[in-house]
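In: Would you be able to build a 3D model of this:
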Amino acid sequence: MINPTLQVIPGRALGQIALDDSLYHVLNLLRAGRKSFSGFSVVYSDESQHGSHIIVNIDIGVRLRFESASQKLRLIEVLDFGGCRMTYNGGEVSRTGKPSFRSVYKLFGPTYPGDYIEGHEQYIVSWPGVAFTFPLPIHLYKKDMDFVSTLSAPSALPATAMAIFQGSNWSEAQAKLGETVGRPQSSSSRSRGSQRCGDVERVVVYVGSHVAIETGLDTPPSAIYFGTSTVQDVVMELGPPEEVFKKYDNRMNIHRVDRKASPSSSLGDIESDDHAEADYFYNYFKHGIDVLFDGREHVVKQVVLHGNLPAAFDFQRWRRVQWTAQIPDEDDCDTEDSITSEMEFGQVKTKLSRRYGGAGDPMILNRGSNSPTSSCELVGDGEEGKEMANTAWATTELYGWPNMIFEVLGRSGISRLTVF
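Out: So this is what the prediction gives:
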């Protein structure tokens, strides 16, 4: 294992890991850089899929905190200065271990008095976008003390942690960490997918009509219409797909009411017809979207929006995409209400049941038992997914309302939404 050298960029990044990056992007980055460390772990809450932070612990002493609703990186912490070498503006933040206050002050310069955490006997000194934690026994702390002299004393202890955040000081950043960001924030640090579309930031669903795709670019949302938009239209808006998957599985065709065959048709003829004109998915893993096209007409049939829940069977296959679904009123002439990807499924179910009536008992889908797939099928299941087949999270529930199918994990988290 090579001990990495990481550049500290206050308010922005530690090495290649940047604030506002998606969980999907960061985990792929970590997997590609395994020569610099031996492993990492993902910590999340089973009980609240959207209400708590997602934590990634890297074994070089770095901890990353992601907001669960957007899965964007909000805080970078260094908890072990011996795990990596860090630099700032050409100087060494840490080379042999914990940095002293003198060395930190020399690098970052003067700043305002910090915050004392009495219960932990810690003094936090912050500059815009970066903060350091120093142990300070309570008998040495005074409210009006000269913190520079106190922390520079020969007996003073070195820093035990460093944080990189967005904000002018640590108190401001800490207050924002508890907030749920309903609307995603654009990031300039990621690549652009096509000539029009940057990262997809939010998809607005107009039930039964179309979806509008919002990006971080200063352009109007682009629209994809069900039954009208063609392959060329989708490529123009989202760029070429990362993968194309033909939907040969026809075990759900038994439920189709429009399926008709002449008395002379054989089962073999039907199977052959399905394979010749099979529907197919365009997979956009980095956007968290799949688009299903009709195999005969080559127009959009469905759009699948992925949640990338850590406990899900297909975690890290797609990036999380945030969405808002506009619920039409009974006359279909106006918008009465909306649901979002930030809601627990219980809230979504209450709103949709009030508008459309109850969904009834859910259909049970088990990824590990090779269940027949529906419009919510997991496209491109691989060996990585099969290794998780025996976990409880391989089983999800499908709930349907007009033009919408929800795949729900653990009765609270929406793993994916299929709209048509």
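In: Buried residues in stretch 100-112, which are they?
Out: Neighbour counts over stretch 100-112 (16 or more other Cβ atoms under 10 Å) mark F101, S103, V104, Y105, L107, F108, T111 as buried. Yep, even glycine has a C-beta here, placed from its N, CA and C like the rest.
In: got these as a markdown table, with distance to S149, secondary structure and pLDDT columns?
Out: Listed next are the buried residues of stretch 100-112 as a markdown table, based on distance: Cβ to Cβ, whole Å; DSSP: H, G, I helix; E, B strand; the rest coil; pLDDT from 0 to 100:
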| residue | distance to S149 | secondary structure | pLDDT |
| --- | --- | --- | --- |
| F101 | 10 | helix | 97 |
| S103 | 16 | helix | 95 |
| V104 | 15 | helix | 97 |
| Y105 | 11 | helix | 97 |
| L107 | 18 | helix | 96 |
| F108 | 17 | helix | 97 |
| T111 | 14 | coil | 95 |
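In: Of those residues, which is the nearest to L238?
Out: Closest to L238 out of the buried residues of stretch 100-112 is F108 (42.5 Å), distances taken as Cβ to Cβ.
In: ok, that closest one to L6 distance?
Out: 16 Å (Cβ to Cβ, to the nearest Å).
In: now swap in V300 and tell me
Out: According to Cβ to Cβ, V300 and L6 sit 44 Å apart.
In: picking up where we left off before, would JSON lines of the buried residues of stretch 100-112 with distance to E77 be doable?
Out: Listed next are those as JSON lines, based on distance: Cβ to Cβ, whole Å:
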{"residue": "F101", "distance to E77": "18"}
{"residue": "S103", "distance to E77": "19"}
{"residue": "V104", "distance to E77": "16"}
{"residue": "Y105", "distance to E77": "20"}
{"residue": "L107", "distance to E77": "18"}
{"residue": "F108", "distance to E77": "17"}
{"residue": "T111", "distance to E77": "19"}
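In: what two of those are the furthest from one another?
Out: The largest separation in those, counting by Cβ to Cβ, is between S103 and T111 at 14.5 Å.
In: Spit out the contact partners of the residue nearest to P362 when sequence neighbours are not counted.
Out: In space, and not counting its chain neighbours, P362 is closest to E397: 3.7 Å by Cβ to Cβ, 6 or more residues apart in numbering. Counting by Cβ atoms under 8 Å, 6 or more residues apart in numbering, E397 touches P362, M363, I364, L365, E407, V408, R411.
In: closest to A69 among those?
Out: After measuring these against A69 - Cβ to Cβ - the closest member comes out as V408, at 16.8 Å.
In: so which strand or helix has that closest one?
Out: Assessed by DSSP states H and E, V408 sits inside strand 404-409.
In: Each with direction, which strands does that strand pair with?
Out: Paired neighbours of strand 404-409 in the sheet (DSSP bridges): strand 395-401 (antiparallel), strand 413-419 (antiparallel).
In: just those strands: most buried one?
Out: Mean neighbours per residue, mean count of other Cβ atoms under 10 Å, is largest over these for strand 413-419, with a mean of 24.
In: neighbours of Q7, just the number please.
Out: Other residues near Q7 come to 15 when the count uses other Cβ atoms under 10 Å.
In: which SS class is the nearest residue to it once chain neighbours are set aside?
Out: Counting by Cβ to Cβ, 6+ apart, Q7 lies nearest to T87, which is 5.5 Å off, once chain neighbours are set aside. What DSSP: H, G, I helix; E, B strand; the rest coil gives for T87 is strand.
In: Pull the number of nearby residues for T87.
Out: T87: 16 neighbours (other Cβ under 10 Å).
In: In contact with it, which residues are there?
Out: Contacts of T87 were listed using Cβ under 8 Å, 6+ apart, and they are T5, L6, Q7, V8, V93.
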